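1. here's a sequence, model it:
(2 chains)
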Amino acid sequence: NAGVTQTPKFQVLKTGQSMTLQCAQDMNHNSMYWYRQDPGMGLRLIYYSASEGTTDKGEVPNGYNVSRLNKREFSLRLESAAPSQTSVYFCASGTLAGVSYEQYFGPGTRLTVT
Amino acid sequence: RKEVEQDPGPFNVPEGATVAFNCTYSNSASQSFFWYRQDCRKEPKLLMSVYSSGNEDGRFTAQLNRASQYISLLIRDSKLSDSATYLCVGANYGGSQGNLIFGKGTKLSVKP
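-> Okay, here's the model as predicted:
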C-alpha cells in the first residue's frame, strides 16, 4: 500500500496563478483532509471531506476550493495564488475505529508564491 | 485561545536521558488524544494514542489527566533518533469526520 500520496512535491507560482494539488489514498478511508503548516503556526485545517460527495470548511478556507472526486481522491485548488499561501500543504485521510481516530498524512507539497 | 497548547522547546538532552513533555487542552469535550511525531521537512506520523489513564509503548509513556486537562509524554533512555518535533493532538468527534486539533509542537534534540 502506498498510503497517502500527493503531487506535486514542490511548486513555485507567481501571484495570481492557479494550481491544483492532488491527493490520493489507498486505505479505503472515508474522511480526507487538507492542512497547511506554517512556521510558528502549527497545522491548520483548510477543508475536509467526511465522506465521498461531501466537503466542509475548516479553520482557514479562504482562497481555496476542494473536490472530493471519489473515495480515493481529494484535490485542493488555489484559484488565484497569493504570497500568503506560501506554505507546506499536507493531505491526510482517516477513519473512526471505536473510540480511536487516527489520521495518516501524505508527504506534503511545498508551495512558494512569489 | 488555541485549544491545544505545548511548550515549543527546544528540549536539548543527552543520549540516555529521560525527557517529559506536557500539553494542555481547553476543550473539555475532547474525547481522545494522540502524540504525533514530525521529523524535519517530513509529514506528521502517529506515535501513540492516549486513552483514559494513559498507555505505554516501549520507552514511551503517555498519560492523560482529564481533571487538570493535560496530557504528557515521557521518553526514557533517549536515542539520537528520537530527535524530532512532537505534536500533541486532541480529537473532537462530530458526526463521522473526527477532526483533530494540533498543538504547535515541542522540538526535541538528543545529543551524543
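2. so residue B:5 is in contact with residue B:101, correct?
-> No: in this structure residue B:5 lies outside contact range of residue B:101 using Cβ atoms under 8 Å: 10.5 Å. The way it works is simple: take the backbone N, C-alpha and C, and place the C-beta from them, glycine included.
3. neighbour count: the two, which is higher?
-> residue B:101 (21 against 16; other Cβ atoms under 10 Å in any protein chain shown).
4. ok, and what's touching stretch A:13-26?
-> A:1-8, A:11, A:32, A:34, A:72-83, A:89, A:91, A:93, A:104, A:106, A:109, A:111-114 (Cβ atoms under 8 Å, 6 or more residues apart in numbering or on different chains).
5. can you rerun that using 6 Å?
-> For stretch A:13-26, contacts defined as Cβ atoms under 6 Å, 6 or more residues apart in numbering or on different chains pick out A:1-2, A:4-7, A:72-81, A:89, A:91, A:93, A:106, A:109, A:113-114.
6. what's the ChimeraX line that selects buried ones from the residues you listed?
-> Only the buried entries of the contacts of stretch A:13-26 go into this ChimeraX selection, using 16 or more other Cβ atoms under 10 Å in any protein chain shown:
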select /A:4,6,72,73,74,75,76,78,81,89,91,93,106,109,113
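7. right, and residue B:33 touches residue B:69 too?
-> No: under the criterion of Cβ atoms under 6 Å, residue B:33 is not in contact with residue B:69, lying 10.3 Å apart.
8. between these two, who's got more neighbours?
-> Set residue B:33 next to residue B:69 and count neighbours by other Cβ under 10 Å: residue B:33 wins out with 25 against 15.
9. tell me which helix or strand comes right after the helix or strand bottoming out on mean pLDDT in chain B.
-> For chain B, using mean pLDDT, DSSP states H and E, the weakest element among its helices and strands is strand B:99-102, scoring a mean of 85. Of the helices and strands lying after strand B:99-102 in sequence (DSSP states H and E), the nearest is strand B:106-111.
10. from the chain's centroid, how far away is that following strand?
-> 13 Å (Cα atoms, centre = their mean, to the nearest Å).
11. what helices or strands is it leaning on?
-> Applying 3 or more Cβ pairs under 6 Å, 6 or more residues apart in numbering or on different chains; DSSP states H and E, one finds that strand B:106-111 contacts strand B:11-14.
12. walk me through which strands the longest strand along chain A pairs with, and which way each runs.
-> Assignment by DSSP state E gives strand A:87-97 as the longest strand of chain A. In the sheet, strand A:87-97 lines up against strand A:31-38 (antiparallel), strand A:100-105 (antiparallel), strand A:109-113 (antiparallel) (DSSP bridges).
13. point out the most buried one among these.
-> When those are scored by mean count of other Cβ atoms under 10 Å in any protein chain shown, the highest mean neighbour count falls to strand A:31-38 (a mean of 24).
14. what's the mean pLDDT across it?
-> For strand A:31-38, mean pLDDT rounds to 95.
15. number of nearby residues for residue A:16?
-> For residue A:16, the count of nearby residues is 10 (other Cβ under 10 Å).
16. what are the ranges of the strands in the chain?
-> You didn't say which chain, so I picked chain A. A:4-7, A:10-13, A:19-25, A:31-38, A:42-49, A:56-57, A:64-68, A:74-78, A:87-97, A:100-105, A:109-113.
17. let's do chain B instead
-> Using DSSP E, strands in chain B cover B:4-6, B:11-14, B:19-25, B:32-38, B:44-50, B:55-57, B:60-65, B:70-75, B:84-92, B:99-102, B:106-111.
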